[in-house]
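Quick check, what structure comes out for this input:
(one chain, ligands or ions: 2)
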Amino acid sequence: MTRAGIVTVAGKPNVGKSTLLNRIVGQKLSITSEKPQSTRDRIVGIHTQGDAQMVVFDTPGLLDPVYELQQTMRSAALRALEDADVILYLTDAGARDTRTLAEAAGLDSPPKAPVIHVVNKTDSVSRMQLKAEMERWPDAVFVSALTGDGVKDLLDTVRGRLPESEFLYPPDDMSTQSVRFFAAELVRETALEQLGDEVPYSVACVVEEFREDRSPIYVRALIYVERDSQKKILIGSKGARIRSIGEAARKKIETLAGAKIYLDLWVKVLPNWRRDSGALERLGYKSR
Ligand code: GDP
Ligand code: MG
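Ligands and ions are numbered 1, 2, ... in the order given. Next up, the predicted model:
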């Protein structure tokens with residue numbers, strides 16, 4: 001008898017959802033950042049161990065729909081909740097958030113799948129604080145996605161809640177998404193890292209060409225920004241910034257792909273893409 005199902009990781013921005021997914025899958029799939037909103041679409045990781053397979057959805061934060069990008073993020077997160085067999089509701093041990101998932105997500109009724117409350121970042125609080133948190137949430141599972149502490153127990157708990165089912169994917173698969181998709185995410189992550197707060201949230205990335213028949217693998221990627229001034233910042237003096245982004249991103253893609261990469265990186269201006277539904281769709285932020 002095997003068990004398999006969809007495990008959706010939900011919670012506010014910055015609680016460590018992407019870090020937990022990477023920890024569960026044992027691979028860096030989802031980009032993580034100290035800046036909230038770094039995950040824009042749902043990322044799927046697959047964890048197969050023994051007789052159980054978890055198809056793990058990372059979700060964008062459940063945000064207030066302020067502008068269109070955030071609305072598509074929110075609907076992706078809500079969809080991942082509907083599809084779930086088990087929901088992990090993540091909160092931050094250091095932040096005193098007392099809302100339930102249904103409250104935080106503004107749901108009309110509680111989700112149909114069982115919800116496991118996971119308190120993350122146990123490494124970031126004092127032992128006394130941790131004890132107080134444990135008394136406050138007697139049913140929660142306490143973990144540190146960063147150090148891996150408690151994650152094995154969490155996986156055992158999840159396993160017990162999965163429905164009996166054939167495996168949904170071959171046991172060796174790590175993700176349902178392609179290296180090409182992750183290449184774009186890694187370029188975007190690197191740009192966010194190197195830009196600091198200069199070009200916040202205006203960066204999108206698309207891989208236009210991904211040729212595995214060449215050696216090194218040829219990857220042509222476009223970074224989109226919203227304004228000319230942002231393009232100048234991204235390129236930097238004599239192209240220094242974009243070269244440095246390209247070099248760091250190339251190394252990350254090589255680690256993921258396990259092969260040499262030639263990264264051909266370009267910057268384009270797409271005015272107000274975050275408020276333009278056509279552009280959002282083209283950039284892969286689908287709304288249903
Ligand atoms: P998400 O927005 O919920 O996907 O959060 P991320 O996974 O991107 O993490 C947000 C920030 O919290 C990053 O800087 C992570 O390194 C950090 N973080 C995540 N998990 C932990 C943890 O268990 N302990 C500590 N100290 N930091 C963490
Ligand atoms: Mg994330």
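
ok, now which ones touch residue 89?
10-11, 100-101, 115-118 (C-beta atoms under 8 Å, 6 or more residues apart in numbering). Placement of C-beta: from N, CA and C, glycine included.

Now, those that are in helices?
Residues of the contacts of residue 89 located in helices (DSSP state H): residue 101.

How many neighbouring residues does the one residue in the chain that gets nearest to ligand 1 have?
In the chain, the residue that lies nearest ligand 1 is residue 16 (3.0 Å; C-beta to the nearest ligand atom). Residue 16: 24 surrounding residues under other C-beta atoms under 10 Å.

I'd like to know how far it sits from residue 49.
Using C-beta to C-beta, to the nearest Å, residue 16 is found at 21 Å from residue 49.

Kindly report the same for residue 166.
Taken as C-beta to C-beta, the span from residue 166 to residue 49 is 16 Å.

Compare those two (neighbour count), which wins?
Ranked by neighbour count (other C-beta under 10 Å), residue 166 and residue 49 place residue 49 first, with 11 against 8.

where does this structure have low pLDDT?
Within the chain, the ranges that satisfy pLDDT under 70 run 27-43, 60-74, 76, 176-177, 200, 282, 284-288.

mind listing the strands for it?
Secondary structure of the chain (DSSP state E): strands located at 3-11, 43-49, 52-58, 86-92, 115-120, 141-142, 204-211, 217-225, 261-269.

correct me, but residue 129 touches residue 93?
Yes. In this structure, residue 129 is within contact of residue 93 by C-beta atoms under 8 Å, at 7.2 Å.

Look at those two and report which has more neighbours.
For the pair residue 129 and residue 93, the greater number of neighbours falls to residue 93 (24 against 14), based on other C-beta under 10 Å.

show me the residues around the more buried one that make contact.
119-122, 124-125, 129-130, 133, 142.

Which positions in the stretch 51-200 of the chain make contact with ligand 1?
Taking C-beta under 6 Å from any ligand atom as the contact definition, the stretch 51-200 of the chain meets ligand 1 at 61, 120-121, 123-124, 144-146.

burial measure for residue 223, as a count.
26.

how about the contacts of residue 89 in CSV, adding distance to residue 187 and neighbour count?
Below are the contacts of residue 89 laid out as CSV (distance: C-beta to C-beta, whole Å; neighbours: other C-beta atoms under 10 Å):
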residue, distance to residue 187, neighbour count
10, 26, 27
11, 26, 26
100, 37, 13
101, 32, 20
115, 34, 21
116, 34, 18
117, 35, 17
118, 30, 28
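
closest to residue 203 among the contacts of residue 89?
Of all the contacts of residue 89, residue 203 sits closest to residue 11, with 23.6 Å by C-beta to C-beta.
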